[in-house]
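[1] fold the following, please.
(one chain, ligands or ions: 1)
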Amino acid sequence: MTVDIAQTRTEVGNYFVSNYPPFSQWKPGFVPEVLDALNQPPRIEDPLGLYIHIPFCRKRCHFCYFKVYTDKKSSEIEIYLDALIKENELYSRMPAFEGRQLRFAYFGGGTPSYISDKQLRYLVDGLNRHVSWQNAEEVTFECEPGTLQKSKLETLKEIGVTRLSLGIEHFDDEILAANGRAHLSPEIYRAYQWAREVDFPQINVDLIAGMMGETEEKWRDAVRRTIELQPDSVTIYQMELPYNTVISQDILKKGVTSPIAGWETKRSWLNYAFEQFLAHDYEIAGTDIVATKKKTCRFIYRDALWHGGDMIGIGVSSFSHFGGVNFQNAHNFEEYVRILNEDRLPLLRAVSLTPKQRLIREMVLQLKTGRIEIAYFQKKFGVDVWKEFQPVYEELEDKSLLQRENGMIALTRRGLLEVDHFLLDFFEPELRTVRYA
Ligand code: SF4
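    As a prediction, the model looks like this:
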């Protein structure tokens, strides 16, 4: 289907649902509840993950809404790495961690691949002294193609990375440059070739549908070129405009027209990508991810977190979920480092979830895999989710966004494409209208 890109535009606001309750409800006053959870006896059987936040990038992309630093010197990066090691050590000393093993680790950012081989080994040695991921089933590492050399990829393999995630976003050099990306297409091909030679168990590629300057033709070309590379999985984001991106600020402060195609157009691009990947031996593994059928691709980080598993996020402004409490670290680089130098956890704000909120959190996140199992929620929460949320489910069923089949609630193709726009309907009434982030 060809669509008129100028027909509608994406306006400023958050749509992407990644947690519950909304971030705007997390407050400093609830931080003592984090410490209560960390002082409980360990739940040895429950999965535990570690997220390591590396907030440095070569350039700030115009659509970026993360807290990233593009001007830190090597000495400052090393101070930050020591702070990460210290934070990991402080957690390892808490009663709730005693004897617990990591099931997964995830290096995210920012750009984790921005740091050097030497810094990487220093960080991993320091982290391993306190909590080891030697037995972890999955270690993911996000990379920006232009920051990679073959030797760095070999280091990543040696430190145990099993899943390399390459932030390609697009192949068109004009689009990459217009959106402020630091890399261009030759760096993509070079990095991808090295990554294959180093032979990671799983290589994921990120694409974004709807970058500035996107056209039907260029998007089709990006999908075609991705299929040619044959990655194990492909994550396809629909561009959104949270408040703090460069693009959003231009719209809000300078009154410029949004340069981002509308949601219908982006959905049609994502749908086109789904069709193409399905025709080339991939299957849909979630609302924004396809995976090859040629081997088993697992998403332990996503699945553990979305099934209520514990994950500690270390690093400036990192997010955690532990023992039914959501919490976030200090936003500011200097403050984050200073608090850790005082031997304290750098906790900024938190929210302790009620049983109902835990149920909603897991249900909305698992819906993003494309299907949920009714019996899972019955067993874990003692609730028939269809009955509990019957008016919402029936309305979505009437709109052909989902269907009930064999004990599952499964999203239709349209449901997959629109999921973030209707998940809010499952929120508690008083949290549907608050600002999400
Ligand atoms: S590479 Fe990622 S984290 Fe860094 S500026 Fe771009 S979008 Fe933000």
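
[2] state the mean pLDDT of the longest helix along the chain.
    Longest helix in the chain, counting residues (DSSP state H): helix 74-92. Per-residue pLDDT values over helix 74-92 give a mean of 98.

[3] report the buried residues of it.
    By neighbour count on 16 or more other C-beta atoms under 10 Å, the buried set for helix 74-92 is 77-92. The C-beta positions use only the backbone N, C-alpha and C, and glycine is treated the same way.

[4] check stretch 414-425 too.
    415-420, 422-424.

[5] tell me what the helix or strand hosting K356 is packed against?
    For K356, the element it lies in under DSSP states H and E is helix 355-367. Applying 3 or more C-beta pairs under 8 Å, 6 or more residues apart in numbering; DSSP states H and E, we find helix 355-367 packed against helix 300-306, helix 374-381, helix 385-388.

[6] okay, and the beta partners of the closest residue to the ligand within the stretch 151-300 of the chain?
    Nearest residue of the stretch 151-300 of the chain to the ligand (C-beta to the nearest ligand atom) works out as G167 at 6.0 Å. Beta-bridge partners recorded for G167 (DSSP bridges): D206.

[7] just to revisit the earlier point, just the CA trace of the longest helix of the chain, in CSV.
    Output of helix 74-92 as CSV, limited to C-alpha atoms (Å, rounded to 0.1, in the frame of the first residue of the first chain):
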residue,chain,number,x,y,z
SER,A,74,38.6,9.6,28.9
SER,A,75,39.4,10.4,32.6
GLU,A,76,35.7,11.2,33.3
ILE,A,77,34.6,7.9,31.6
GLU,A,78,37.0,6.1,33.9
ILE,A,79,35.5,7.8,36.9
TYR,A,80,32.1,6.7,35.7
LEU,A,81,33.2,3.1,35.3
ASP,A,82,34.5,3.1,38.9
ALA,A,83,31.1,4.3,40.0
LEU,A,84,29.4,1.5,38.1
ILE,A,85,31.7,-1.0,39.8
LYS,A,86,31.0,0.5,43.2
GLU,A,87,27.2,0.5,42.6
ASN,A,88,27.3,-3.2,41.6
GLU,A,89,29.3,-3.9,44.8
LEU,A,90,26.8,-2.1,47.0
TYR,A,91,24.0,-4.2,45.5
SER,A,92,25.9,-7.4,46.0
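
[8] for that helix, which outside residues touch it?
    The contact list for helix 74-92, computed with C-beta atoms under 8 Å, 6 or more residues apart in numbering, reads 38, 50, 52, 55-56, 72, 97, 115-116, 119, 122-123, 126-127, 129-131, 312, 314-316, 333, 336-337, 340-341, 343-346.

[9] gap between that helix and the chain center?
    Relative to its chain's centre, helix 74-92 lies at 22 Å (C-alpha atoms, centre = their mean, to the nearest Å).

[10] counting by contacts, list what the following helix or strand past it packs against.
    Counting by DSSP H and E, the next helix or strand C-terminal to helix 74-92 is strand 104-109. On a contact count with 3+ C-beta pairs under 8 Å, 6+ apart, strand 104-109 meets strand 48-54, strand 138-143, helix 300-306.

[11] average pLDDT for the second one, rounded please.
    Averaging pLDDT along strand 138-143 gives 97.

[12] from the contact counts, what lies against it?
    Under the contact definition 3+ C-beta pairs under 8 Å, 6+ apart, strand 138-143 sits against strand 104-109, strand 163-169, helix 300-306.
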